[in-house]
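**Student:** I would like the atomic coordinates for the input below:
(chains A and B)
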Amino acid sequence: EAGVTQFPSHSVIEKGQTVTLRCDPISGHDNLYWYRRVMGKEIKFLLHFVKESKQDESGMPNNRFLAERTGGTYSTLKVQPAELEDSGVYFCASSRMVRGMNTEAFFGQGTRLTVV
Amino acid sequence: GEDVEQSLFLSVREGDSSVINCTYTDSSSTYLYWYKQEPGAGLQLLTYIFSNMDMKQDQRLTVLLNKKDKHLSLRIADTQTGDSAIYFCADPPDSGYALNFGKGTSLLVTP
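**Tutor:** The predicted structure is shown next:
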């Protein structure tokens, strides 16, 4: 079974440009999460999808960040326009529901975004 | 959000025991987790403990939970160079499914 995959693994962009990160969750996992780790700081929750619906987007920093999960499969996280403080590692995770209970979240390898 | 605090660095010699500590503030968590991130890899769930337990042992790993002090620790016996990684303590908030992570403890194991 394939794990959570993220693309690209690294991205270097200039301030003001747009970047789109992609996450393919494990097949059958309804829950999909985005997290971000800024250098030296804790991993912060960004948002949570249940299938195609945004369950919780309380962690999204501002309206320069847009996450989508059309069709409830893969998800994209777009940053437009990117700022220097957006640099960090973006993790995606997925989990499935079993009898209404959330199970272990599996994480992808992360996308390292550097804004210069 | 709730705070999860960890020391940032730990260096041990191969064969010694490592103890990584974590304090948390959310008292309603059902589970508490330890994740491991090896260089260039994603986060891997290492172990977890139910909040009604004081201790859990899994091979070389021992998790201790002090609910009164909201303190969680991870002990790695006979630490190996392959254990060098960043270890994150995490707990779910009182509502929702997202995890609250600490900043991570970088463990360096020297020969």
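
**Student:** hey, what's the residue lying closest to A:Cys23 once chain neighbours are set aside bridged with?
**Tutor:** Leaving aside its chain neighbours, A:Cys23 sits nearest to A:Cys92 (3.3 Å; criterion: Cβ to Cβ, 6 or more residues apart in numbering or on different chains). Where C-beta positions appear, they are placed from N, C-alpha and C, glycine not excepted. Listed beta-bridge partners, A:Cys92: A:Trp34 (assigned using DSSP bridges).

**Student:** contacting residues around A:Cys92?
**Tutor:** A:4, A:6, A:21, A:23, A:25, A:32-35, A:75, A:107-108, A:110 (Cβ atoms under 8 Å, 6 or more residues apart in numbering or on different chains).

**Student:** So which residues of chain A form helices?
**Tutor:** Counting by DSSP state H, chain A forms no helices at all.

**Student:** So which helix or strand of it has the lowest pLDDT on average?
**Tutor:** The weakest-scoring helix or strand in chain A, judged by mean pLDDT, DSSP states H and E, is strand A:101-102 (a mean of 67).

**Student:** For residue 44, the count of nearby residues, please.
**Tutor:** Reading this off chain A. Neighbour count for A:Lys44, taken as other Cβ atoms under 10 Å in any protein chain shown: 18.

**Student:** Chain B, not that one
**Tutor:** 14.

**Student:** So which bits of chain B are right by chain A?
**Tutor:** Listed as neighbours of chain A in chain B under the rule Cβ under 8 Å from any Cβ of the partner chain: B:1, B:4, B:8, B:35, B:40-45, B:88, B:90, B:96-104.

**Student:** Could you report the neighbour count for A:Tyr74?
**Tutor:** Neighbours around A:Tyr74, by other Cβ under 10 Å: 16.

**Student:** Equivalent analysis for A:His10, please.
**Tutor:** So A:His10, with other Cβ under 10 Å, has 10 neighbours.

**Student:** residue contacts, it?
**Tutor:** A:111-112, A:114.

**Student:** okay, it: pLDDT?
**Tutor:** You'll see A:His10 listed with a pLDDT of 96.

**Student:** Kindly report the same for B:Leu32.
**Tutor:** On pLDDT, B:Leu32 comes in at 88.

**Student:** Same check on B:Asp94?
**Tutor:** 57.

**Student:** Quick check: B:Val19 touching B:Thr79?
**Tutor:** No - contact criterion Cβ atoms under 8 Å: B:Val19 and B:Thr79 do not qualify, at 10.0 Å.

**Student:** out of those two, which sits in the busier spot?
**Tutor:** Neighbour count, other Cβ under 10 Å: between B:Val19 and B:Thr79, B:Thr79 has more, with 21 against 13.

**Student:** which non-adjacent residue is nearest that one?
**Tutor:** B:Ser18 (4.7 Å).

**Student:** Show me which residues of chain A are close to chain B?
**Tutor:** A:3-4, A:31, A:33, A:35, A:40-45, A:48, A:55-56, A:59, A:91, A:93, A:95, A:102, A:104-110.

**Student:** buried subset of these?
**Tutor:** A:4, A:31, A:33, A:35, A:42-45, A:48, A:55-56, A:59, A:91, A:93, A:95, A:105-110 (16 or more other Cβ atoms under 10 Å in any protein chain shown).

**Student:** so of those, which ones are in strands?
**Tutor:** A:31, A:33, A:35, A:43-45, A:48, A:55-56, A:91, A:93, A:95, A:106-107 (DSSP state E).

**Student:** Out of those residues, flag the one nearest to B:Phe50.
**Tutor:** A:Ser95 (17.6 Å; Cβ to Cβ).

**Student:** Thanks a lot, see you next time.
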